[in-house]
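Chemist: The following comprises the amino acid sequence and a computationally predicted model.
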Amino acid sequence: MIKVSILIPTYNREEKLKIAIKSSLNQDYENLEVIVGDDGSSDNTPEIVKEFLEDTRFVYYRNEKNLGMVKNWRKGVYEVASGDYFLILGDDDYYVDNGYVRKAIDLIKGHENLLLVRSNGYLLYENTGKKYDVLLQIKKLRKVKLFL
């Protein structure tokens, strides 16, 4: 069975992190790991994640010094994640569909040449309740060499 790693990189975002973690662990896809990559937060992030440490699907790492966003992502993807596929979820984002990962894997299984699975989303301004669609326009995919 295909394993999926959800990486949640974070830095001093304790107020939203718990929601991101819960929405990831609530996915109905079985072969899943949820990784929080703490980039040396000085807030209560280590305390927040303690609630999830007993879940065998949950992994937490903490950088001794702040690496910066991209290097923290790279560390999570290349050194920590064990999945066949990965997702990066912002520490202030969350899944609204508990079947998102399962649906994405079903698409991959049905299309062996598939390069990318993505979804649209929305921005929610909590103080006003207004929602704005985020539509990612990808008109053409091309091969690129990644320097990671």
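Modeler: Ah, there it is.

Chemist: residue closest to the middle of this structure?
Modeler: Note on the chain: the residue nearest the mean C-alpha position is residue 89, at 2.7 Å, using Cα atoms, centre = their mean.

Chemist: So for that residue, what's the pLDDT?
Modeler: We have a pLDDT of 94 for residue 89.

Chemist: contacting residues around it?
Modeler: Counting by Cβ atoms under 8 Å, 6 or more residues apart in numbering, residue 89 makes contact with 6, 7, 8, 20, 23, 24, 95. Placement of C-beta: from N, CA and C, glycine included.

Chemist: I'd like those laid out as JSON lines, including neighbour count and secondary structure.
Modeler: Shown next, in JSON lines, are the contacts of residue 89 (neighbours: other Cβ atoms under 10 Å; DSSP: H, G, I helix; E, B strand; the rest coil):
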{"residue": "6", "neighbour count": "28", "secondary structure": "strand"}
{"residue": "7", "neighbour count": "24", "secondary structure": "strand"}
{"residue": "8", "neighbour count": "26", "secondary structure": "strand"}
{"residue": "20", "neighbour count": "22", "secondary structure": "helix"}
{"residue": "23", "neighbour count": "20", "secondary structure": "helix"}
{"residue": "24", "neighbour count": "26", "secondary structure": "helix"}
{"residue": "95", "neighbour count": "21", "secondary structure": "coil"}
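
Chemist: any chance of these in CSV, with pLDDT and distance to residue 64 too?
Modeler: Converted to CSV, the contacts of residue 89 look like this (pLDDT from 0 to 100; distance: Cβ to Cβ, whole Å):
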residue, pLDDT, distance to residue 64
6, 98, 24
7, 98, 19
8, 98, 19
20, 97, 23
23, 97, 28
24, 98, 25
95, 92, 30
